[in-house]
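Student: A predicted structure for the sequence below; I have some questions about it.
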Amino acid sequence: GLASKLQATLKKLRNKGKLSGKDVKSALKEVKLALLEADVNYKVVKQFIKRVQERAVGHEVMESLTPGQQVIKIVNDELTELMGGNKSDLSISSKPPTIIMLVGLQGAGKTTSAAKLARFLKKKGKKPLLVAGDIYRPAAIKQLQVLGDRLDIPVFSMGDKNSPVDISKAGISKAESNGNDVVIIDTAGRLHIDEEMMDELKSIKSNVRPHEILLVVDAMTGQDAVNVAENFSESLGIDGIILTKLDGDARGGAALSIKAVTGKPIKFVGMGEKLDALESFHPDRMSSRILGMGDVLSLIEKAEASIDAKKAEELEKKIRQNEFSLEDFLEQLQQVRNMGPLDQILGMIPGVSGQLKNLQVDEKQLDRIEAIINSMTIEERKNPEIINGSRRRRIARGSGTKIQDVNRLLKQFKQTKKMMKQLNGMQKSGRKKMRFP
Ligand code: GDP
Ligand code: MG
């Protein structure tokens with residue numbers, strides 16, 4: 001599938017220290033093929049690759065990331081943008097009830113999604129009313145009633161002898177008298193788009209003026225879903241999309257193309273037949289799900305947020321000149337700890353999570369180290385050699401630790417410095433530079 005292809009491609013880049021233009025080109029070629037194979041709209045793919053290429057070649061440099069990670073970040077950013085960037089919420093009317101109308105082809109999942117959405121809103125403290133507006137399929141009304149019963153959510157119906165417009169209007173009056181603050185209207189679909197259906201929907205739209213018209217489309221139909229969305233968007237006008245059956249869509253093409261083609265955001269996704277299987281759509285989460293690198297990506301984000309590039313440079317200089325002190329050590333420790341609990345951070349590093357499954361990071365030990373260094377004078381932090389027996393006792397007392405703890409820290413620090421000195425000897429130029437032709 002798309003995810004595994006992209007993951008394999010990006011994995012090749014991930015740990016590279018240096019990327020040539022050729023590396024990037026061939027990776028993007030693979031990304032392009034994977035997207036096309038996933039049934040993503042051709043124009044969308046072309047645009048996408050162009051943007052990624054421009055950014056990758058445009059030397060977007062983040063000191064704390066390897067070039068491979070940077071390309072992954074760019075691909076992730078652009079995928080997120082492709083799907084709309086930010087999460088798109090329902091518009092809730094300041095004057096209740098908020099009227100939501102679901103439209104779409106037969107079998108897309110309208111009735112199921114109506115019930116799911118009602119459940120979703122009820123959980124958020126709303127009092128929804130479901131309105132049975134599909135009068136053509138005999139079982140449709142019953143289906144909605146059964147779902148409503150199961151959720152303990154009221155369903156308004158007038159059988160199949162009245163027009164969908166009259167049913168919708170009556171449903172809204174009912175909601176007003178009943179104190180329901182959201183009305184969800186289920187409508188009839190057809191196997192294909194036809195004028196009769198569209199006219200009926202237009203008539204409901206102009207008579208009830210919904211706050212949200214949500215188009216329900218089946219992700220498994222791939223490009224067809226995108227074409228349907230384009231058509232509905234142009235003929236009826238829609239506010240957003242519920243993309244159903246994403247649980248069965250291995251390719252992901254519709255999810256990726258629909259916003260770019262129609263300009264309308266996916267607001268919810270259906271992830272199964274069960275009534276709790278409806279999720280708000282988060283472009284960024286979807287993107288990391290596709291890239292399968294949620295972990296790497298959040299690591300990158302955390303690194304961006306908490307590591308100051310300037311400081312990193314200063315530190316590197318100190319290490320080079322062998323001036324690294326306990327004070328720097330403390331600062332480093334604090335910076336890393338700012339990123340979050342250490343076991344989580346280690347778990348996010350590719351390949352590490354498996355190996356460290358059983359390793360418990362001792363946060364208390366880190367607390368002790370911080371406390372010990374905090375109990376030292378500036379002079380002691382800069383020149384640990386001066387820390388004699390009585391100083392050690394004082395530091396242990398001040399930090400609420402044992403003298404052995406102080407000894408251990410000093411010994412570890414000495415070893416670390418020795419190691420840094422050796423490393424310095426081995427690699428003359430410290431920093432890896434990113435280079436694109
Ligand atoms: P409608 O004709 O548009 O009202 O479609 P229905 O709501 O009756 O749904 C048609 C079929 O799709 C039903 O069997 C649903 O259980 C199924 N369905 C709806 N949404 C999802 C989903 O997100 N995932 C899966 N796997 N099935 C779904
Ligand atoms: Mg239905």
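Tutor: Sure thing, it's come through. Numbering: from 1, shown residues only. Ligands and ions are numbered 1, 2, ... in the order given.
Student: list the contacts for residue 275?
Tutor: 112, 115-116, 119, 147, 150-151 (Cβ atoms under 8 Å, 6 or more residues apart in numbering). For every residue, glycine as well, the C-beta is placed using N, CA and C.
Student: let's see that with 7 Å instead.
Tutor: 115-116, 119, 147, 150-151 (Cβ atoms under 7 Å, 6 or more residues apart in numbering).
Student: my read is it is in a strand, agree?
Tutor: No. Going by DSSP: H, G, I helix; E, B strand; the rest coil, the assignment for residue 275 is coil, not a strand.
Student: give me the phi and psi for it.
Tutor: phi -70, psi -10 (degrees, to the nearest 10).
Student: kindly state the pLDDT recorded for it?
Tutor: As predicted, residue 275 sits at a pLDDT of 95.
Student: how close does it sit to residue 123?
Tutor: Separation of residue 275 from residue 123 (Cβ to Cβ, to the nearest Å): 11 Å.
Student: again, but for residue 242
Tutor: In terms of Cβ to Cβ, residue 242 sits 17 Å off from residue 123.
Student: out of those two, which sits in the busier spot?
Tutor: When residue 242 is set against residue 123 and neighbours are counted by other Cβ atoms under 10 Å, the residue ahead is residue 242, at 25 against 9.
Student: just checking, that one touches residue 216?
Tutor: Yes. With contact defined as Cβ atoms under 7 Å, residue 242 reaches residue 216; the gap is 4.7 Å.
Student: give me the common contacts of those two.
Tutor: By Cβ under 7 Å, 6+ apart, the residues touching both residue 242 and residue 216 are residue 113.
Student: pretty sure residue 243 is in a strand, no?
Tutor: Yes. Per three-state DSSP, residue 243 lies within a strand segment.
Student: beta-bridge partners for it, please?
Tutor: residue 217, residue 269 (DSSP bridges).
Student: from memory it sits against residue 256, does it?
Tutor: No. Using Cβ under 7 Å, residue 243 is not in contact with residue 256, being 10.6 Å away.
Student: ok, and the closest non-adjacent residue to residue 209?
Tutor: residue 99 (7.2 Å; Cβ to Cβ, 6 or more residues apart in numbering).
Student: residues in contact with the one you found?
Tutor: 172, 183, 208, 210-211.
Student: one more pass at 8 Å, please.
Tutor: Per Cβ under 8 Å, 6+ apart, neighbours of residue 99: 93, 172, 182-183, 185, 208-212.
Student: cool, and residue 174?
Tutor: 129, 156, 180.
Student: same deal with residue 211?
Tutor: Applying Cβ under 8 Å, 6+ apart, the residues near residue 211 are 91-93, 98-100, 239.
Student: any idea of the pLDDT on it?
Tutor: 97.
Student: likewise for residue 425?
Tutor: pLDDT at residue 425 comes out at 61.
Student: same question, the one 4 residues further on
Tutor: Per-residue confidence for residue 429 comes out at a pLDDT of 41.
Student: name the SS class of the closest residue to residue 192 other than its chain neighbours, please.
Tutor: Spatial nearest neighbour of residue 192, chain neighbours left out: residue 105 (7.1 Å); criterion: Cβ to Cβ, 6+ apart. Assigned by three-state DSSP, the conformation of residue 105 is coil.
Student: and residue 99, that one's in a helix?
Tutor: No. If the criterion is three-state DSSP, then residue 99 is strand and not within a helix.
Student: gap between it and ligand 1?
Tutor: 18 Å (Cβ to the nearest ligand atom, to the nearest Å).
Student: that residue pairs with what?
Tutor: Here residue 99 sits in beta bridges with residue 183, going by DSSP bridges.
Student: show me where the protein has strands.
Tutor: Shown for the chain, the strands assigned by DSSP state E span residues 98-103, 128-133, 155-156, 182-187, 212-218, 240-244, 266-270, 278-280.
Student: residues contacting residue 283?
Tutor: So residue 283 contacts 79-87 (Cβ under 8 Å, 6+ apart).
Student: what about 7 Å?
Tutor: Neighbour list for residue 283: 80, 83-86 [criterion: Cβ under 7 Å, 6+ apart].
Student: what's the farthest-apart pair in these?
Tutor: 83 and 86 (9.9 Å; Cβ to Cβ).
Student: now stretch 367-386: average pLDDT?
Tutor: Per-residue scores along stretch 367-386 average to 90.
Student: next, the buried residues of it.
Tutor: By 16 or more other Cβ atoms under 10 Å, the buried positions in stretch 367-386 come out as 368-369, 371-373, 375-376, 380-381, 384.
Student: export that stretch to CSV, keeping only CA atoms.
Tutor: In CSV, the C-alpha atoms belonging to stretch 367-386 read as follows (Å, rounded to 0.1, in the frame of the first residue of the first chain):
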residue,chain,number,x,y,z
ASP,A,367,16.5,14.4,39.4
ARG,A,368,19.4,13.5,41.7
ILE,A,369,21.9,14.6,39.1
GLU,A,370,20.2,17.9,38.7
ALA,A,371,20.0,18.4,42.4
ILE,A,372,23.7,17.6,42.9
ILE,A,373,24.8,20.0,40.2
ASN,A,374,22.5,22.7,41.5
SER,A,375,24.1,22.4,44.9
MET,A,376,27.6,23.2,43.5
THR,A,377,29.0,26.6,43.3
ILE,A,378,29.7,28.1,39.8
GLU,A,379,33.4,27.6,40.5
GLU,A,380,32.9,23.9,41.2
ARG,A,381,30.8,23.4,38.1
LYS,A,382,33.5,25.0,36.0
ASN,A,383,36.4,23.2,37.7
PRO,A,384,35.2,19.9,39.2
GLU,A,385,38.8,19.1,40.2
ILE,A,386,38.5,21.4,43.1
